[in-house]
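# Got a sequence here, can you model it:
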Amino acid sequence: IELTALFDLRGIDLKRRKYPKAKIKDAGVFGSPLTTIIEWDRKRTNIPTIKIPQVLQEIILFLEGKALKVEGILRKSGSAARIKLLKQDIESRFGPTIDSSNPAESSLWSNAHPHDVAALLKLFLRELPDPLLTSEYIDAFNSCEMISERKEQLQAINLLIILLHEVHRDSLKFLLEFLGHVVANEPSNKMGLNNVAMITAPNLFMARKQSKVREASTAAASQDLKHAAGTSNIVRMLIKYHALLWTVPAFMLTQVSQKFLQFLNRSKNYSLYYFLLPGSTYEPSRNGRQEKHCAKQRQGVIRVQAPDMQISSMAVQLDNVITASDIIAKFQRQSERIRLTGSRTRPVVINNSTHALYEVGGNIHQRCLDPDTNMSALIKVNPDAAWFIKPRTG
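Residues are numbered from 1 along each chain as shown. Predicted coordinates:
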């Protein structure tokens, strides 16, 4: 709904197509859907929790270890004969037929050339019958280029990523992390963000059916150039902002939290809250204490607890700029005052290197907050949370 509204606001048609399933002849690793390959992996290894195809993992981990500093990686072509041998090896070890005689690791890979393996990665992506961005949403990804505001572009891409099938989403993240590492080594490999995006885009946005020879005309050539530039820009954003794009939007967390609390109040099954979020401080709304707690937080006051210190708790008035670090500093100053009063009890040393503010309960289990976390913004996302100061564990 959010995605449709965002596209409608900009007068863009949200293209979501159902392509007919491709006929896979003599199915092997190359040319089979990711969902099929992952099923083979789970059956072969007897590990049902595998999320990324092992062939993709092996190729990218090789490149991570041996190719990040190689000049022209992803750009320079490899040897067709050597690539064919590597492809045959992949098929024999990761295909549908389980053959115990095939070694887990092939000797071919110990001497493999980085450019050959990089070409194999691009070939694997091009051969997918359902592209990594999926046939259903690939046009929608492409349409994000028509959104003028960068913030809204990223919002649309973020929502599209959430809609992807799990194996496509996890594999895309794994690929983008690798591409980010390639860009980070630009001084050595001469491959900057623009180069990597331009080379990768055709492998993500061109399904096999779309790769047919087109009629040679000026109009077609112009359209192809425009498409190439647009898809390259989308890939550039995917690489540059991939860490941000895999964050669930705040409005979704808030909606899930509200739905969950409504369910609890309707079902009266309060024990479920403790089961799902152990250690939380949620108290059933039937006695009114939870409502009072939330009301105070809505008014901009939170109660921060520090059970291991002399100051067991403190009410903190929030403003638009207060951070987790500021709250730690408040406890630090109070601890110093106790020391100056001559208290016989030795105060606990507390600062941002020894302690952290933790968010507990509400719509999460528990997490340690970054010192720069804006507390007013966080309260809006998770108004039912409790707040604890604890020693850092690592």
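# In PDB, list the C-alpha atoms belonging to stretch 168-184.
Only the C-alpha atoms of stretch 168-184 are listed here, as PDB (Å, rounded to 0.1, in the frame of the first residue of the first chain):
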ATOM      1  CA  HIS A 168      16.300 -13.300  -3.500                       C
ATOM      2  CA  ARG A 169      16.600 -10.700  -0.700                       C
ATOM      3  CA  ASP A 170      19.300 -12.500   1.200                       C
ATOM      4  CA  SER A 171      21.300 -13.300  -2.000                       C
ATOM      5  CA  LEU A 172      21.000  -9.700  -3.200                       C
ATOM      6  CA  LYS A 173      22.300  -8.400   0.200                       C
ATOM      7  CA  PHE A 174      25.300 -10.900   0.000                       C
ATOM      8  CA  LEU A 175      26.100  -9.700  -3.500                       C
ATOM      9  CA  LEU A 176      25.900  -6.000  -2.700                       C
ATOM     10  CA  GLU A 177      28.100  -6.300   0.400                       C
ATOM     11  CA  PHE A 178      30.700  -7.900  -1.900                       C
ATOM     12  CA  LEU A 179      30.300  -5.100  -4.500                       C
ATOM     13  CA  GLY A 180      30.700  -2.600  -1.700                       C
ATOM     14  CA  HIS A 181      34.000  -4.200  -0.800                       C
ATOM     15  CA  VAL A 182      35.100  -3.900  -4.400                       C
ATOM     16  CA  VAL A 183      34.400  -0.200  -4.400                       C
ATOM     17  CA  ALA A 184      36.200   0.300  -1.100                       C
END
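# what does it rub up against?
34, 51-53, 56-57, 60, 63-64, 68, 73-74, 125, 130, 132-134, 161-162, 164, 189, 191-193, 196, 200, 238-240, 242, 246 (C-beta atoms under 8 Å, 6 or more residues apart in numbering). (Glycine included, C-beta is placed from N, CA and C.)
# in it, what counts as buried?
168-176, 178-180, 182-183 (16 or more other C-beta atoms under 10 Å).
# and stretch 369-385, which residues are buried?
By 16+ other C-beta under 10 Å, the buried positions in stretch 369-385 come out as 369, 373, 375, 378-379, 381-385.
# which one of those residues is nearest V316?
Checking the buried residues of stretch 369-385 against V316 with C-beta to C-beta, the nearest one is M375 at 8.0 Å.
# measure the closest one to Q334 for me?
Distance from M375 to Q334, counting by C-beta to C-beta, to the nearest Å: 18 Å.
# cool, and P371?
Distance from P371 to Q334, by C-beta to C-beta: 18 Å.
# go on, L245?
Distance from L245 to Q334, counting by C-beta to C-beta: 41 Å.
# Looking at those two, which has the bigger crowd around it?
Using other C-beta atoms under 10 Å as the criterion, L245 and Q334 rank with L245 on top: 20 against 16.
# Quick check: that one touching Q155?
No. In this structure, L245 is not within contact of Q155 by C-beta atoms under 8 Å, at 9.7 Å.
# ok, L125 - how many residues close by?
18.
# For it, which three-state class applies?
With DSSP: H, G, I helix; E, B strand; the rest coil as the basis, L125 sits in helix.
# so what's it closest to, chain neighbours aside?
Leaving aside its sequence neighbours, L125 sits nearest to N203 (C-beta to C-beta, 6 or more residues apart in numbering; 4.2 Å).
# and the one you found, what element?
Using DSSP states H and E, N203 sits in helix 193-205.
# Now the longest helix anywhere in the chain: average pLDDT?
When the chain is parsed with DSSP state H, its longest helix is helix 218-240. Helix 218-240 comes out with an average pLDDT of 83.
# List the contacts of that helix.
Against helix 218-240 from outside (C-beta under 8 Å, 6+ apart): 141-142, 144-145, 153-154, 157, 172, 176, 179-180, 183, 193-194, 196-198, 200-202, 204-205, 214, 245.
# How far does the helix holding N203 sit from its chain's centre?
The gap between where helix 193-205 is centred and where its chain is centred comes out at 19 Å by C-alpha atoms, centre = their mean, to the nearest Å.
# now swap in stretch 379-394 and tell me
Worked out by C-alpha atoms, centre = their mean, stretch 379-394 lies 22 Å from the chain centre.
# Give me the most central residue, the chain.
W246 (2.8 Å; C-alpha atoms, centre = their mean).
# distance of I52 from Q305?
Using C-beta to C-beta, I52 is found at 40 Å from Q305.
# Please apply the same query to V360.
The gap separating V360 from Q305 is 9 Å, by C-beta to C-beta.
# intersection of neighbour lists for the two?
386-388.
# min pLDDT across those residues, which one?
Here the lowest pLDDT out of the shared contacts of V360 and Q305 sits on A386, with 87.
# Just the buried ones from the contacts of helix 218-240, in PyMOL syntax?
Applying 16+ other C-beta under 10 Å to those, the buried members can be selected in PyMOL as follows:
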select buried, resi 141+142+144+145+153+154+157+172+176+179+180+183+193+196+197+198+200+201+202+204+205+245
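# Does P383 touch N363 like I think?
No. Contact criterion C-beta under 8 Å: P383 and N363 do not qualify, at 9.2 Å.
# how far out from the middle of the chain is the strand or helix carrying K151?
Assignment of secondary structure by DSSP H and E places K151 within helix 150-163. With C-alpha atoms, centre = their mean as the basis, helix 150-163 stands 12 Å off its chain's centre.
# Extract the CA atoms of that helix and return them as CSV.
Once non-C-alpha atoms are left out, helix 150-163 reads as follows in CSV (Å, rounded to 0.1, in the frame of the first residue of the first chain):
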residue,chain,number,x,y,z
ARG,A,150,16.6,10.8,-3.6
LYS,A,151,15.0,10.2,-0.2
GLU,A,152,11.8,9.0,-1.9
GLN,A,153,13.8,6.9,-4.3
LEU,A,154,15.5,5.1,-1.4
GLN,A,155,12.2,4.7,0.3
ALA,A,156,10.7,3.0,-2.7
ILE,A,157,13.7,0.7,-3.2
ASN,A,158,13.6,-0.2,0.5
LEU,A,159,9.9,-1.2,0.2
LEU,A,160,10.6,-3.2,-2.9
ILE,A,161,13.4,-5.1,-1.2
ILE,A,162,11.1,-6.0,1.7
LEU,A,163,8.7,-7.5,-0.9
